[in-house]
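> Dropping the sequence and predicted coords here.
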Amino acid sequence: MSGEVWSVQGEDCWNVDNVRYLVCTHTHKCRETCQDHGNVDGRCKWGCSHLWPICECLPPNFQ
């Protein structure tokens, strides 16, 4: 599967980055952190199982 690029951005494509960016207060900082670690994009997202917004990263094979 390496080298394949998926053209969908479904919810299952996003990975939680709670190691480098614990509380997501600024989307642009989350995006920069994700991109600095080889991901395509980043976003802040609220979830019903989270008390605060989290940073999620979009891996390069899901662009």
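Everything's here; your move.

> Which residue lies nearest the spatial centre of this structure?
Taking Cα atoms, centre = their mean, the centroid of the chain lies closest to Cys57, which sits 1.4 Å from it.

> can you tell me which residues contact that one?
For Cys57, the contacting residues are Trp14, Asn15, Asp17, Cys30, Thr33, Cys34, His37, Asn39, Asp41, Gly42, by Cβ atoms under 8 Å, 6 or more residues apart in numbering. From N, CA and C alone the C-beta is placed, and that goes for glycine too.

> what about 10 Å?
Under the criterion of Cβ atoms under 10 Å, 6 or more residues apart in numbering, the contact partners of Cys57 comprise 13-17, 20-21, 30-31, 33-35, 37-43.

> Assumed it was part of a helix.
No: Cys57: not assigned to a helix; according to DSSP: H, G, I helix; E, B strand; the rest coil it is strand.

> Against Thr25, how distant is Pro53?
As judged by Cβ to Cβ, to the nearest Å, Pro53 and Thr25 stand 7 Å apart.

> Which neighbours do these two have in common?
Each of Cys44 lies in contact with both Pro53 and Thr25 under the rule Cβ under 10 Å, 6+ apart.

> Same drill for these two, tell me which one is more crowded.
Under the neighbour definition other Cβ atoms under 10 Å, Pro53 and Thr25 were set side by side, and Pro53 has more, 17 against 11.

> Validate this expectation: Arg43 resides in a helix.
No: the assignment for Arg43 by three-state DSSP gives strand, which leaves it out of any helix.

> Can you name the residues bridging to the residue nearest to the centre of the chain?
Note on Cys57: beta-bridge partners Asn15, Gly42, judged by DSSP bridges.

> pLDDT score for it?
Model confidence at Cys57, expressed as pLDDT, equals 93.

> next one: Trp6
43.

> From Asn61, how far out is the closest residue to Trp46 other than its chain neighbours?
The shortest distance from Trp46 to any residue other than its chain neighbours is 5.2 Å, reached at Pro53 (Cβ to Cβ, 6 or more residues apart in numbering). Taken as Cβ to Cβ, the spacing of Pro53 relative to Asn61 amounts to 25 Å.

> Brilliant, that's me finished.
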